[in-house]
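Asks: what's the 3D shape of this:
(one chain, ligands or ions: 1)
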Amino acid sequence: MAAPSDTELAEYRSSRTALIADDLSRRRENAALQTRSVTEAQADSVLRQIRAKEAETIWREEHPDVKHPFPGMEFLTGKRIILQTRVFEILSKMPKGALLHAHLDATVNACFLLELALKHPFLHVRVAQPLSAANLKTNLPEFRALPADEFTSHASLTDATYPVGAWVALQSARRAFAPELGGEAGFDKWVVGSMTIDPGEAYDTHNTVEKIWDKFASTFITSTGLIRVEPIWRAYIREFFLTSIADGVSYVEVRINFLEKFMLGADGQENIPHRNWLILFSEVVDEVKEEMRQQGRPDDFIGGKIIYSTIKFITPEELDWYTEDCIALKKEFPELIIGFDLVGAENTLKPLIYYAEPLLRFRARQKEEGVDIPFIFHAGETLGDGTEADLNLYDAILLGTKRIGHGYSLIKHPKLVEICRERGIAVERLTSSMLMHPLPALLNNGVAVALCSDDPAVFGNMGLTFDFYQVFVASEVNGLSTLGTLARDSIEFSMLGDEDKTRLRGAFERRWNEFVEYVATYVV
Ligand SMILES: O=c1[nH]cnc2c1ncn2[C@@H]1O[C@H](CO)[C@@H](O)[C@H]1O
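Replies: Numbers count the residues shown, from 1 in each chain. The predicted model follows:
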């Protein structure tokens, strides 16, 4: 048989290139690819070379505790290897734009939180059953700031004389933690473990949606006792901002859970109402902005704003209270409240349709009060088909959501994908294991995506570098310019006003150019 001629082969190759380009033509970075600088193209090539090299070296090594590593593998086990790569080191210097989806209560490293808590003598801890080596994983600590007149003289949680359920000062409980349970280091491990998810839990012992949500919810129940005390909350927010800035994030829209009507003060009394939370938050924003100005880096932190959230186990009547509270806060702090969301385990709590009446009323009330508080809903977070969680996507879109939190299930619905692409509804994403992840499908369909860390304190994905890393290494299509587009989209789809957005865009482009110069000259 005659071999195809050179012309035939060339024609085949050119139709192949055209078909691939046509298929990928909806991707949002396409425009940027046409206009990118020579330096950016060079930087892209450098980073791709390092990625290819590391796929064959670092990712091929066997580790006793990491079975069959590969780039883009499930995050919790792969993290240790990710940290050894040069791609990670380089991406940690990349400007990331905005962080649009994170739950404040899970944004600060659990070890840092514990250290912070240990500085405050008002903090106490107790357990509901006697602690033993066998029950450390399930016998969780409960924390609380106590008023001085309720301080106790119990010195240890693990002593035979400890009356189960009694409060012990945190510092003392740590100092006196039984040597058989690891002493002080054992105490730290126990507490930190109660606020985080480890690979064994994620991929083995709790590997179903219900079980992992139980563990996940318990991390919040535990950490709340430490975080929601005024002086700690303040330091916590500050640390969240500082670590975000260090990671290249210059603006955050954080979800704050307003379910509890009061936070505790340093006096151990539950007496700090929501409006004071906002005052505190905005004081910390201003403080950090001022510090950045003093360091000559004013553009590296544009600020932080709040998506008001409450949890989907309340009744519709209770939701009316929260939406009115949200309107009142918006009127008093118009710059701070930028959205509204309902959060919690989507498979087991109430679907959005359950709240249709109060949510529609909320919209009407906003009109009456002359405020605008867009919905920014979680939806389609789990992978059922036609389940309530899946149907939440329809409600979120009908209710006019500006963005979708997670939307794992979105790709199943061609009409919804089309609406997201056309109306510019961005998806807020966190990444875990990449190969089974619908992210490339959304990107190829031209849906805008903002990478987000969601609950970094629980998963240990502090900052956004890990998320950008996973997206970059698990695809041959995604290059440096894809990452640039994802970061730029986080700015475009933020709720910032025009003036701030323009400033953030400008600051981003300056930093991006510096970053690209640095990567282009990186010696491979
Ligand atoms: O990814 C998530 N989806 C839904 N709800 C969440 C997620 N992460 C945290 N929370 C919820 O937010 C509250 C803290 O503000 C917690 O109650 C937690 O259940």
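
Asks: what sits against the residue in the stretch 151-300 of the chain positioned nearest to the ligand?
Replies: Proximity of the stretch 151-300 of the chain to the ligand (C-beta to the nearest ligand atom) peaks at Asn257, 3.2 Å away. Yep, even glycine has a C-beta here, placed from its N, CA and C like the rest. By C-beta atoms under 8 Å, 6 or more residues apart in numbering, Asn257 lies in contact with 103-105, 309-311, 343.

Asks: now with 6 Å?
Replies: Asn257 makes contact with Ser309, according to C-beta atoms under 6 Å, 6 or more residues apart in numbering.

Asks: confidence score at it?
Replies: pLDDT, the model's per-residue confidence, is 98 for Asn257.

Asks: mind checking how far it is from Tyr408?
Replies: As judged by C-beta to C-beta, to the nearest Å, Asn257 and Tyr408 stand 22 Å apart.

Asks: same question, Leu416
Replies: From Leu416 to Tyr408 the distance is 13 Å (C-beta to C-beta).

Asks: Around the ligand, which positions in the stretch 301-450 of the chain sit nearby?
Replies: Where the stretch 301-450 of the chain comes near the ligand, counting by C-beta under 6 Å from any ligand atom, the residues are 311, 343-344, 378, 381.

Asks: so how far is the ligand from the residue positioned nearest the centre of the chain?
Replies: Nearest to the geometric centre of the chain sits Asp454, at 1.8 Å (C-alpha atoms, centre = their mean). Distance of Asp454 to the ligand, computed by C-beta to the nearest ligand atom, to the nearest Å: 5 Å.

Asks: what's that residue sitting at in phi/psi?
Replies: For Asp454, the backbone dihedrals are phi 60, psi -80 (criterion: degrees, to the nearest 10).

Asks: can I have the top helix by length along the chain written out in PDB, keeping just the CAs?
Replies: Taking DSSP state H as the criterion, the chain has its longest helix at helix 498-520. The C-alpha trace of helix 498-520 is given here as PDB (Å, rounded to 0.1, in the frame of the first residue of the first chain):
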ATOM      1  CA  ASP A 498     -15.100  49.400  40.000                       C
ATOM      2  CA  GLU A 499     -12.500  51.600  41.600                       C
ATOM      3  CA  ASP A 500     -11.000  48.900  43.800                       C
ATOM      4  CA  LYS A 501     -11.200  46.400  41.100                       C
ATOM      5  CA  THR A 502      -9.200  48.600  38.700                       C
ATOM      6  CA  ARG A 503      -6.600  49.100  41.400                       C
ATOM      7  CA  LEU A 504      -6.400  45.400  42.100                       C
ATOM      8  CA  ARG A 505      -6.100  44.700  38.400                       C
ATOM      9  CA  GLY A 506      -3.300  47.200  38.000                       C
ATOM     10  CA  ALA A 507      -1.500  45.800  41.000                       C
ATOM     11  CA  PHE A 508      -1.900  42.300  39.800                       C
ATOM     12  CA  GLU A 509      -0.400  43.100  36.300                       C
ATOM     13  CA  ARG A 510       2.600  44.700  37.900                       C
ATOM     14  CA  ARG A 511       3.300  41.700  40.100                       C
ATOM     15  CA  TRP A 512       2.500  39.300  37.300                       C
ATOM     16  CA  ASN A 513       5.200  40.900  35.000                       C
ATOM     17  CA  GLU A 514       7.800  40.700  37.800                       C
ATOM     18  CA  PHE A 515       6.800  37.100  38.400                       C
ATOM     19  CA  VAL A 516       7.000  36.200  34.700                       C
ATOM     20  CA  GLU A 517      10.500  37.700  34.500                       C
ATOM     21  CA  TYR A 518      11.600  35.600  37.500                       C
ATOM     22  CA  VAL A 519      10.300  32.400  36.000                       C
ATOM     23  CA  ALA A 520      11.600  33.100  32.500                       C
END
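
Asks: other SSEs contacting that helix?
Replies: helix 38-56 (3 or more C-beta pairs under 6 Å, 6 or more residues apart in numbering; DSSP states H and E).

Asks: Tell me which stretches of this structure form strands.
Replies: Here the chain has its strands, by DSSP state E, at 97-99, 123-126, 142-145, 168-169, 249-257, 262-264, 270-273, 303-311, 337-343, 377-379, 403-406, 426-429, 449-451.

Asks: before we move on, the earlier item: quick check, nearest of the residues of the stretch 301-450 of the chain next to the ligand to the ligand?
Replies: Set against the ligand, the nearest of those by C-beta to the nearest ligand atom is Val343 (3.7 Å).

Asks: Would you confirm that that closest one contacts Ser309?
Replies: Yes: if you go by C-beta atoms under 6 Å, Val343 and Ser309 touch, sitting 4.9 Å apart.

Asks: between these two, which one's more packed in?
Replies: Ser309 (25 against 19; other C-beta atoms under 10 Å).

Asks: my read: that one touches Asp341, true?
Replies: Yes: applying C-beta under 6 Å, one finds Ser309 in contact with Asp341, separated by 4.6 Å.

Asks: where does the stretch 401-524 of the chain dip in pLDDT?
Replies: Applying pLDDT under 70 to the stretch 401-524 of the chain flags the ranges 430-433.

Asks: Please enumerate the helices of it.
Replies: For the stretch 401-524 of the chain, applying DSSP state H, counting those that start in this stretch gives helices covering 414-423, 439-444, 456-459, 465-473, 480-492, 498-520.

Asks: What helices and strands are in contact with the fifth one?
Replies: Other elements packing on helix 480-492 under the criterion 3+ C-beta pairs under 6 Å, 6+ apart are helix 30-35, helix 38-56, strand 97-99, strand 449-451.

Asks: Ok, the fourth one next?
Replies: Other helices and strands packing on helix 465-473, by 3+ C-beta pairs under 6 Å, 6+ apart, are helix 86-91.
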